[in-house]
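Asker: Show me how the following folds:
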Amino acid sequence: METNNRNLSAAEYFHAIQREYLIADFRRRIYYSPKDKAYYRRVMDYKAAKINAIAERNNLISILNSEPKRKEVHAELFERGWNPKFEMTETDRKNYYLVGNEFSYKGSIWVLDAISENGVAKISQKATNSVKEVQASEICRIL
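Answerer: Numbering: from 1, shown residues only. Take a look at the predicted model:
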């Protein structure tokens, strides 16, 4: 995702900054530190100002003024809600797959008990006393 914005056309830059805005929103949601949350909020504010300026100047729809556009760009980056399609950093992975977080699995809410290095997640439901081991790609963090 770290593209050199100087080599992009204005249209490519506009699309890239919208994607970066949604990724910053994702990170703001998964990081627990108030300092990190505040940092990603500032990143989002900066990118929102840029997106709005470009959209106004060029009479464009954006993720900030059109829900269908937001859904379109969101679908490029995420599947099944907030399950990322892009390559997360190691820190992103640690925060996303933090033990104790709630995940969606086949339409139900499960809690992550453990995650192995080979991508197997151990999830549980206390209400039903169920425990399962599934591929991490099959679960989606509830944000």
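
Asker: Only C-alpha atoms from now on, for both contacts and neighbour counts.
Answerer: Fine.

Asker: can you pull out the helices in the protein?
Answerer: Here the chain has its helices, by DSSP state H, at 10-30, 34-58, 67-77, 90-96.

Asker: Give me the nearest residue to the one residue sitting closest to the centre of the chain, chain neighbours excluded.
Answerer: Centre of the chain computed as the mean C-alpha position; nearest residue by Cα atoms, centre = their mean is F26, 3.3 Å away. Excluding the flanking residues, the one nearest F26 by Cα to Cα, 6 or more residues apart in numbering is W82, at 7.6 Å.

Asker: which residues pair with I115 across the strands?
Answerer: Beta-bridge pairing for I115 (DSSP bridges): A121.

Asker: related to what we said a few turns ago, burial count for the residue nearest to F26?
Answerer: Using other Cα atoms under 10 Å, W82 has 16 neighbouring residues.

Asker: What separation do you get for it and E12?
Answerer: Between W82 and E12 the computed distance is 24 Å (Cα to Cα, to the nearest Å).

Asker: Show the low-confidence segments of the protein, by residue range.
Answerer: Where the chain drops to pLDDT under 70, the residues are 1-5.

Asker: Break it down into its structural domains.
Answerer: For the chain, automatic domain parsing gives the domain ranges 5-87, 102-141.

Asker: Please spell out which residues along the last one are buried.
Answerer: The reference is to domain 102-141. Under the neighbour-count criterion of 16 or more other Cα atoms under 10 Å, domain 102-141 has 102-105, 109-113, 115, 120-125, 136, 139-141 buried.

Asker: Then stretch 30-39?
Answerer: Neighbour-count burial for stretch 30-39 flags I30, Y31, K37 (criterion: 16+ other Cα under 10 Å).

Asker: List of residues touching that stretch?
Answerer: Outside stretch 30-39, the residues that touch it by Cα atoms under 8 Å, 6 or more residues apart in numbering are R27, R28, R29, D92, N95, Y96, L143.

Asker: farthest-separated two in those?
Answerer: Every pair in these was compared (Cα to Cα); the two farthest apart turn out to be D92 and L143, at 13.9 Å.

Asker: which of the two has more neighbours?
Answerer: Taking other Cα under 10 Å, D92 and L143 do not tie; D92 has more neighbours (15 against 12).

Asker: is it true that the more buried one touches R27?
Answerer: Yes: look at D92 against R27 with Cα atoms under 8 Å: they come within range, at 7.1 Å.

Asker: Appreciated, that's everything.
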